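Engineer: Can you look at this prediction? I've put the sequence above it.
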Amino acid sequence: MLQNTVITSPHLQDIAAEGGVLGSILLDRSVTKVVVDILPAAEAFTRPEHQTLYRILTDLAGPNQAWDLVLIADGLKQHKALKTIGGVDYLVKLAEAVPTAANAAYYARIVRDKYLLRQMAEFGTTLANSAALGSLPGVLLDMETQFRDISARYRSLIGPGEILSMRPVSEYTSKPIDWLWPGRFPLGMLSLIAGIQGHGKSFLMCYMAAVASQGYAWPDRGNPCAPMEVAILSDEESVSYALRPRLEACGADLSKVFVLDGLTLADGTPAPFDISTRLSLLDDFLEAHPNCRLMFFDSLAGFLGHCDPNDNAAVRRTLGPLSELAERRGVAMVGILHLNKKPDLASVHRISGATAFTAVARAVWLVMRDEDAIGNASRLLLPVKCNYADTTGLRYRIVDGAVAFETEPVAFGADSVLAGKHKPDEDDSKSAVDIAADWLRTQLENQPPKMARDILDAAEAEGFSARTINRARIQLGIEIRKVGFKGAYVWSWKDSSVQEPESVFP
């Protein structure tokens with residue numbers, strides 16, 4: 001009677017949490033170790049079928065074991081327990097009731113605490129029975145013995161994982177940051193690239209993949225990096241129509257660049273891949289490819305599974321294990337995201353979705369069109385956040401599908417560009433104007449007039465923005481005039497008798 005009363009008390013059990021533990025293991029076998037550390041004994045579950053399922057699941061979940069409901073059901077059949085636990089339908093019900101395996105430890109602690117409360121309730125009832133029937137010395141001795149037993153059981157279940165540990169900093173060793181792209185994208189951490197759709201984020205991704213796979217030097221660094229493998233998980237770009245042509249244009253070693261080709265279950269059924277439930281599969285890939293040091297998610301929000309990208313807590317729970325995997329494997333994880341439509345916010349809050357994205361990431365970069373450049377080929381790569389480096393932005397151009405960076409840093413930041421306040425005053429970029437003026441002098445001094453379009457195209461090829469080259473023209477007093485009634489404009493060396501026209505560009 002006592003046992004039944006204890007188990008059925010609503011305060012001493014949580015069937016939903018028990019289902020959460022089992023459903024999480026069914027979704028992702030990698031959480032089994034975390035759960036077992038909290039719940040070493042199946043007796044912590046109240047339902048016998050849950051105890052049986054937990055014992056068998058923890059036995060089946062080996063490190064290299066293939067894992068899906070079909071294989072699990074087959075394992076339960078071999079243990080002659082499939083019918084006992086409620087059949088395949090009950091397995092499906094458990095798995096579908098859990099949105100993500102990231103909460104497995106949370107569910108396990110609830111089950112553990114309810115188990116310990118049941119043990120204490122039994123202890124109290126047993127003690128009351130002893131007091132009613134025995135002598136005081138015997139009752140005290142029995143109480144002390146049972147209390148020591150339940151206290152030891154409690155400590156063994158709580159374990160060292162829930163003991164708050166504080167250590168002096170002197171016991172820690174300082175570690176340098178390992179960089180993929182020095183000062184910009186760290187290894188072993190999560191970084192983000194964000195921008196408006198169509199502004200060149202995937203081109204930058206393909207460029208970085210090319211540099212990493214070939215061991216080229218980064219544009220602002222003279223020394224080449226070590227060649228490495230690269231993984232691209234994309235739900236936005238076609239491999240044949242977009243990724244491969246862009247990778248080829250950037251000069252990537254295609255044999256070192258791997259793309260997600262899909263996820264197929266053991267029964268041949270295709271399924272979407274997401275990091276919230278199948279992160280262990282990425283771990284398996286990195287185990288098989290130790291030279292893979294760079295991994296892209298395009299877009300990161302597309303691989304969150306059931307995680308709500310606008311829920312800060314949910315995003316943190318999902319990205320936390322990904323960051324841990326990046327650190328353990330020494331891989332630069334780079335997620336690509338879009339911007340929201342809130343122009344009044346600072347750049348760190350313009351990333352679409354929860355603020356947890358930028359909080360968890362150690363480096364965040366903005367990609368934008370350079371509105372001051374001639375044409376639409378020039379882009380800006382600007383720092384939004386970089387925890388471990390004081391860095392600047394860069395400018396790059398997209399020409400015939402390839403990416404070409406300028407080596408000179410950009411003097412303004414992401415907030416200025418998004419607010420439209422990055423255009424410098426006269427003194428802000430005097431050196432750039434002087435350099436542009438020197439270049440214009442070589443093009444026009446003691447030379448015949450040249451077509452304006454030819455000058456502007458040549459200036460862009462040299463990396464000068466339209467604004468800079470125009471200011472250099474004014475500084476030198478270069479004349480602009482139209483040839484013929486409907487003719488083109490030409491630029492010619494300064495003539496003091498010619499008044500400066502108001503119109504600058506044809």
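Structural biologist: Yes, it's here. Numbering: from 1, shown residues only.

Engineer: I figured L76 was touching Y90, is that so?
Structural biologist: No. Applying CB atoms under 8 Å, one finds L76 not in contact with Y90, separated by 10.3 Å. The C-beta positions use only the backbone N, C-alpha and C, and glycine is treated the same way.

Engineer: Between these two, point out the one with more neighbours.
Structural biologist: The residue with more neighbours, out of L76 and Y90, is L76; 22 against 15, by other CB atoms under 10 Å.

Engineer: what's the residue closest to the geometric middle of the protein?
Structural biologist: In the chain, the C-alpha nearest the mean C-alpha coordinate belongs to G335, at 4.2 Å (CA atoms, centre = their mean).

Engineer: Assess the claim that that one and L300 are in contact.
Structural biologist: Yes. Under the criterion of CB under 8 Å, G335 makes contact with L300 at 3.1 Å.

Engineer: Which neighbours do those two have in common?
Structural biologist: 192, 357 (CB atoms under 8 Å, 6 or more residues apart in numbering).

Engineer: Look at S238 and say how many residues are nearby.
Structural biologist: 10.

Engineer: What's the per-residue pLDDT of it here?
Structural biologist: Per-residue pLDDT puts S238 at 91.

Engineer: got the contact list for P309?
Structural biologist: So P309 contacts 301, 315, 352-354, 357 (CB under 8 Å, 6+ apart).

Engineer: Now do L164: how many residues are near it, please.
Structural biologist: Look at L164: counted by other CB under 10 Å, it has 4 neighbours.

Engineer: That one: helix or strand, and which one exactly?
Structural biologist: Using DSSP states H and E, L164 falls within no helix or strand.

Engineer: where does it land on pLDDT?
Structural biologist: 70.

Engineer: what's the helix or strand that contains the residue nearest to the centre of the chain in contact with?
Structural biologist: Following DSSP H and E, one finds G335 within strand 332-338. By CB under 8 Å, 6+ apart, the residues outside strand 332-338 that reach it are 180, 185-197, 201-202, 205, 208, 293-301, 322-323, 325-326, 351-353, 357, 361.

Engineer: hmm, 6 Å instead?
Structural biologist: 180, 185, 187, 190-194, 197, 201, 294-300, 326, 351-352 (CB atoms under 6 Å, 6 or more residues apart in numbering).

Engineer: cool, and stretch 339-352?
Structural biologist: 194, 196, 337-338, 357-358, 366, 384-385, 414-415, 418.

Engineer: make it 10 Å
Structural biologist: 192, 194-197, 199, 299, 301, 309-310, 335, 337-338, 353, 355, 357-359, 361, 364, 366-368, 382-385, 413-420 (CB atoms under 10 Å, 6 or more residues apart in numbering).

Engineer: tell me, which strand in the chain spans the most residues?
Structural biologist: Counting residues, the longest strand found in the chain (DSSP state E) is strand 378-386.

Engineer: Give me the buried positions along the following helix or strand past that one.
Structural biologist: Downstream of strand 378-386, the next assigned helix or strand under DSSP H and E is strand 394-399. Buried residues in strand 394-399, counting neighbours by 16 or more other CB atoms under 10 Å, are found at 394-398.

Engineer: Dump those residues to CSV, plus pLDDT and distance to A404.
Structural biologist: Shown next, in CSV, are these (pLDDT from 0 to 100; distance: CB to CB, whole Å):
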residue, pLDDT, distance to A404
L394, 93, 11
R395, 91, 10
Y396, 92, 6
R397, 90, 5
I398, 89, 8
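
Engineer: how deep is L204 tucked in, by neighbour count?
Structural biologist: Look at L204: counted by other CB under 10 Å, it has 23 neighbours.

Engineer: Please apply the same query to P219.
Structural biologist: P219: 17 neighbours (other CB under 10 Å).

Engineer: so how far is S255 from it?
Structural biologist: 24 Å (CB to CB, to the nearest Å).

Engineer: likewise A16?
Structural biologist: A16 sits at a distance of 49 Å from S255 (criterion: CB to CB).

Engineer: For the helix or strand that contains V70, buried residues please.
Structural biologist: Using DSSP H and E, V70 falls within helix 69-78. Within helix 69-78, the residues that count as buried by 16+ other CB under 10 Å are 69-70, 72-73, 75-76.

Engineer: What of stretch 204-223?
Structural biologist: 204-214, 216, 218-220.
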